[in-house]
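>>> Give me coordinates for this.
(2 chains)
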Amino acid sequence: MSNELQLIEKAKAGSVEAFTDLVESYRGRLFRYLLTRCNNYADAEDALQDTLINAYKYLYSYNSQWRFSTWLYRIAIRNLISNRDDKVTELGDLGDAENDPLDQAIAASERQNLWSSARRLLNDEVYAAMWLRYAEDMSVRDIASALDRSVSWTKVNLMRGRNTLDAELAQSRSENYG
Amino acid sequence: MRNLPKAEVKIMDKLAKRLREDAERIDATISPELDARIDASLRAVTPARPADERRPARSWTFWLASSLTGAAAAIVLLVGLNMGDAPVETPPVVANSTIPNIVEVPVFDLHAETAVLTSPLSEELEALQSDLRKAEEKLREDIGL
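Below you'll find the predicted structure:
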């Protein structure tokens, strides 16, 4: 039995320490995603806390044929959908730019972060699919599981997302050189 | 999936690389306060258990007792149906029936002796008339008429 499965078994039995060890390598990446999806830092922190608590509480339902990160993202995305009205940044509704965690996180950078454009141009699900593919390096099958969509839907929307961002990238490149 | 031209594939690869780099540039440091908050929340939660684990398993005696109870109830029902109580006839309902008004009749205290009929009615009538005549004659004599 792998170390991860051993930790899962201990966490299922009620060991908080085992669960903390289990999510140690995932929670930073998860928090990064949540920062790009929430209106402010506090909401992203709450979303991370809710996701981890739900994961711990319903760990019995985890199926080991999935990657654990896929399952965690599935919970996080569902939480975001259920809190959509007050916490998630909707397409075209970027909220207060001064408090935007994504803008704050990339403020020190010398160039535009492409995920800002992605958030502006893509809808929630396509954005999530793109993030899981390019930031998390997930397989199409795992992305489909995390989003509760078919593999073909995922492939088509990844292609659409890439085309949209590629066009955006080409346009910004031509503006810089033009 | 369509075959992309080499130039397009190169752009896509650049896009993937750029997306990966941009994601890594987002600072997502978890503060010690958030860490402590999450830890405290986890300690306040008890992991849920599947519904079938929460419910204790029923022993075979439970199922046997349930089956016997059900069979007994079915037998009682069948016997009750076969006994076949005679259908109760209900009086026909007459539409617009009128109920006669009950008139209260005053009760008189007559102090009369009840006639005991021992012969045919005609003879009894003659005997009563004879008694009445005799009583009338006696009354006349008493009052001096």
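
>>> any weak-confidence spans in chain A?
Low-confidence segments of chain A (pLDDT under 70): A:1, A:85-111, A:176-178.

>>> residues in contact with the most centrally placed residue in it?
What sits nearest the mean C-alpha location of chain A, by Cα atoms, centre = their mean, is residue A:33, with 3.9 Å. When contacts are counted by Cβ atoms under 8 Å, 6 or more residues apart in numbering or on different chains, residue A:33 is found next to A:73, A:76, A:131, A:135, A:136. All C-beta spots, glycine's among them, are computed from the backbone N, C-alpha and C.

>>> Find the helix or strand that the last one is a member of.
By that I understand residue A:136. Using DSSP states H and E, residue A:136 falls within no helix or strand.

>>> That one reaches residue A:72, doesn't it?
No: between residue A:136 and residue A:72 there is no contact under Cβ atoms under 8 Å: 10.5 Å.

>>> shared neighbours of the two, anything?
Any residue near both residue A:136 and residue A:72 by Cβ under 8 Å, 6+ apart counts here, and not one turns up.

>>> Helix or strand: which one has the residue nearest to the centre of chain A?
Element membership for residue A:33, per DSSP H and E: helix A:16-37.

>>> Pull out the buried positions in that helix.
Residues A:16, A:18-23, A:26-27, A:29-37 are the ones in helix A:16-37 that count as buried (16 or more other Cβ atoms under 10 Å in any protein chain shown).

>>> Next, format the contacts of residue A:33 as CSV and append neighbour count and distance to chain B.
Compiled in CSV, the contacts of residue A:33 are given as follows (neighbours: other Cβ atoms under 10 Å in any protein chain shown; distance: Cβ to the nearest Cβ, whole Å):
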residue, neighbour count, distance to chain B
A:73, 26, 14
A:76, 24, 13
A:131, 26, 7
A:135, 20, 4
A:136, 21, 8
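
>>> any idea which helix or strand comes after the helix holding residue A:33?
Once helix A:16-37 ends, the next helix or strand along the chain (criterion: DSSP H and E) is helix A:41-57.

>>> Mind giving me the packing neighbours of that following helix?
For helix A:41-57, the packing partners by 3 or more Cβ pairs under 8 Å, 6 or more residues apart in numbering or on different chains; DSSP states H and E come out as helix A:16-37, helix A:68-82, helix A:84-87, helix A:101-105, helix B:32-43.
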